[in-house]
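Q: Can you look at this prediction? I've put the sequence above it.
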Amino acid sequence: MPTKSVPVLTLQGARTALAAAEQRAQEIGVPMNIAVVDNGLHLLAFARMDGAKITSIDIAINKAFTAAGHRAPTSVYKDAVWPGGPAFGINTSNGGRFTTIAGGVPVVQDGVVVGAVGCSTGTPPQDADVAGKGVEAVVKTFGTKAKL
């Protein structure tokens, strides 16, 4: 068969992730830019909370893009991107959109990446925490298996 069907994150799933991420950002007191993309790396949902950094809009979108496209949390690059590291310079790939800062987390269903959540404005651990809560909400609501 020359084609294959794969699951994809829906708008309903994206809205679930967005709401949970916003709630977590409010709980920790850090307004965030929150982006949700599908497995084709296209933006499904986005929110810029009051007080979130304007310069973090593209960063949140690119964290989601990277997590979905590379099928891994953006935090995995922390130790590999320094000069001399095995992934040094990877941030210049994909038109400069590849992001190596924590805060992008893929959503996985049945072993397939169906989308991702990307957050930015806080510290990298805060961004990853908020994105992770968005992914967890999708997992809990729709029964997917998350790769956190």
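A: Thanks, I have the structure now.

Q: Regarding V113, what is its secondary structure?
A: V113 carries the three-state label strand when classified by DSSP: H, G, I helix; E, B strand; the rest coil.

Q: now do A87
A: Following three-state DSSP, we place A87 in the coil state.

Q: Contact partners for the nearest residue to it once chain neighbours are set aside?
A: Nearest non-adjacent residue to A87, counting by Cβ to Cβ, 6 or more residues apart in numbering: A80, 3.9 Å away. The C-beta positions use only the backbone N, C-alpha and C, and glycine is treated the same way. By Cβ atoms under 8 Å, 6 or more residues apart in numbering, the contact list for A80 reads P86, A87, F88, I90, T100.

Q: isn't Q109 right up against P7?
A: Yes: contact criterion Cβ atoms under 8 Å: Q109 and P7 qualify, at 4.8 Å.

Q: Those two - which one has more neighbours?
A: Q109 (21 against 18; other Cβ atoms under 10 Å).

Q: those helices in the chain, which residues are they?
A: In the chain, the helices defined using DSSP state H lie at 11-28, 57-70, 124-142.

Q: now the second one: mean pLDDT?
A: It refers to helix 57-70. Throughout helix 57-70, pLDDT has a mean value of 97.

Q: Contacts made by that helix with the rest, please.
A: The contact list for helix 57-70 (Cβ under 8 Å, 6+ apart) reads 32-39, 41, 43, 46, 48, 73-74, 94, 97-101, 103-106, 113, 115-121, 127, 131.

Q: so how far is I28 from the nearest residue to G89 once chain neighbours are set aside?
A: Nearest residue to G89, sequence neighbours excluded (Cβ to Cβ, 6+ apart): V81, at 8.0 Å. Counting by Cβ to Cβ, to the nearest Å, the gap from V81 to I28 is 26 Å.

Q: Which residue of these two possesses the greater neighbour count?
A: Neighbour count, other Cβ under 10 Å: between V81 and I28, V81 has more, with 16 against 13.
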